[in-house]
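**Student:** Sequence and predicted structure are below.
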Amino acid sequence: MENMKQPIDAVLSKTAGYRKAAHLYSVPQTTLKRHVAKIRKGELSLDSTLGNFKPVFSEKEEEELVSYIIEMEKRLFGLTTIVLRKLAYQLAEKNGKTHKFNHDKKIAGVDWLKGFLKRHSDLSIRKPEATSAARAMGFNKVAVGKSYSLLGEIYDKYNLTPDRIFNCDETGISCVSKTKSKIIAEKGRKQVGSLSSAERGQTVTVEVCFNAAGTYMPPTLIFPRQRMKQELLDRAPPGTTAECNAKGWITTEIFLSWFQRFTSFLVRQ
């Protein structure tokens, strides 16, 4: 293997002993001793390929494959491990490479994949987030550049300071926790339950707003009910307001009501 050449050279040049060289380059000490002994006897050359397993692709070819993987991921068409293994088989066959890949399934082995990822530490297996095609098409250099250009013009025109730059967003909070703490129960029971406020739980929408200086506007809670009860705001943050909607979602009317409170909040600042 190529990673044996450096520790062998360190031992032969007497810059490091077997133990130190094996530790520095993360190679087996016994393997290192065996290769050094063969080189000193003239049975092996330092320039020859060491080891019983030869890489299928050259360093340059693997770098090209890495570049392709990264480029496809940036375009939101990332390769799965199965697709990469099939691609490796196709590349090996097309370029006449000597390999031990599975000819029946036409796919590279898991060992090759592990070695490939180990040789290229800048790659990792990640779980992707779902991204809509519309969002992907809208998120490009021209659109983003135009957006920031318009934003910069507004900042300059009105001389906006951090305390006048606000961001608002809504989020849903379930009144029933998705995870339950473990409890002590009688041994042998097939099913153990825990009482919750609702069988499935209800989602409460929260409208949150704050500025770039870190000042928060009191939140607005939207409950999934027809009539408001003051008890629902018990222990809520000071100034919290509430609205009601059958589904617990924000509507045009609720947003306009919230926006009026927002303008009043700005005046008090």
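**Tutor:** Yep, that arrived.
**Student:** List the contacts of stretch 75-84.
**Tutor:** For stretch 75-84, the external contacting residues (C-beta atoms under 8 Å, 6 or more residues apart in numbering) are 69, 72, 73, 87, 107, 108, 113, 116, 125, 128, 131, 136. Bear in mind the C-beta positions are built from the backbone N, C-alpha and C, glycine included.
**Student:** And stretch 251-261, by the same measure?
**Tutor:** So stretch 251-261 is contacted by 207, 217, 220, 222, 241, 243, 245, 250 (C-beta under 8 Å, 6+ apart).
**Student:** Just these: which are in strands?
**Tutor:** Counting by DSSP state E, these place 207, 217, 220, 222, 241, 243, 245 in strands.
**Student:** Mind putting those into a markdown table with neighbour count, distance to residue 92 and pLDDT?
**Tutor:** Below are the ones in strands among the contacts of stretch 251-261 laid out as a markdown table (neighbours: other C-beta atoms under 10 Å; distance: C-beta to C-beta, whole Å; pLDDT from 0 to 100):
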| residue | neighbour count | distance to residue 92 | pLDDT |
| --- | --- | --- | --- |
| 207 | 21 | 56 | 94 |
| 217 | 21 | 60 | 94 |
| 220 | 24 | 60 | 94 |
| 222 | 24 | 58 | 92 |
| 241 | 16 | 65 | 93 |
| 243 | 19 | 62 | 92 |
| 245 | 16 | 60 | 87 |
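**Student:** how about residue 68, what does it touch?
**Tutor:** So residue 68 contacts nothing (C-beta under 8 Å, 6+ apart).
**Student:** Now name the helix or strand holding it.
**Tutor:** helix 59-74 (DSSP states H and E).
**Student:** Quick check: next helix or strand after that helix?
**Tutor:** Next helix or strand after helix 59-74 toward the C-terminus (DSSP H and E): helix 81-94.
**Student:** mind listing what the residue of the chain positioned farthest from its centre touches?
**Tutor:** The outermost residue of the chain relative to its centre, with distances by C-alpha atoms, centre = their mean, is residue 41 at 51.2 Å. Contacts for residue 41 (C-beta under 8 Å, 6+ apart) come out as none.
**Student:** From residue 28, how far out is it?
**Tutor:** 20 Å (C-beta to C-beta, to the nearest Å).
**Student:** what does residue 212 give?
**Tutor:** 56 Å.
**Student:** So which helix or strand of the chain has the lowest pLDDT on average?
**Tutor:** helix 133-138 (a mean of 74; mean pLDDT, DSSP states H and E).
**Student:** neighbouring contacts of that one?
**Tutor:** Taking C-beta under 8 Å, 6+ apart as the rule, helix 133-138 contacts residue 76.
**Student:** That helix: what's the following helix or strand?
**Tutor:** helix 141-158.
**Student:** Tell me which residues are up against that following helix.
**Tutor:** Under C-beta under 8 Å, 6+ apart, the answer for helix 141-158 is residue 160.
**Student:** Which SSE is immediately downstream of it?
**Tutor:** Past helix 141-158, the next helix or strand by DSSP H and E is strand 166-174.
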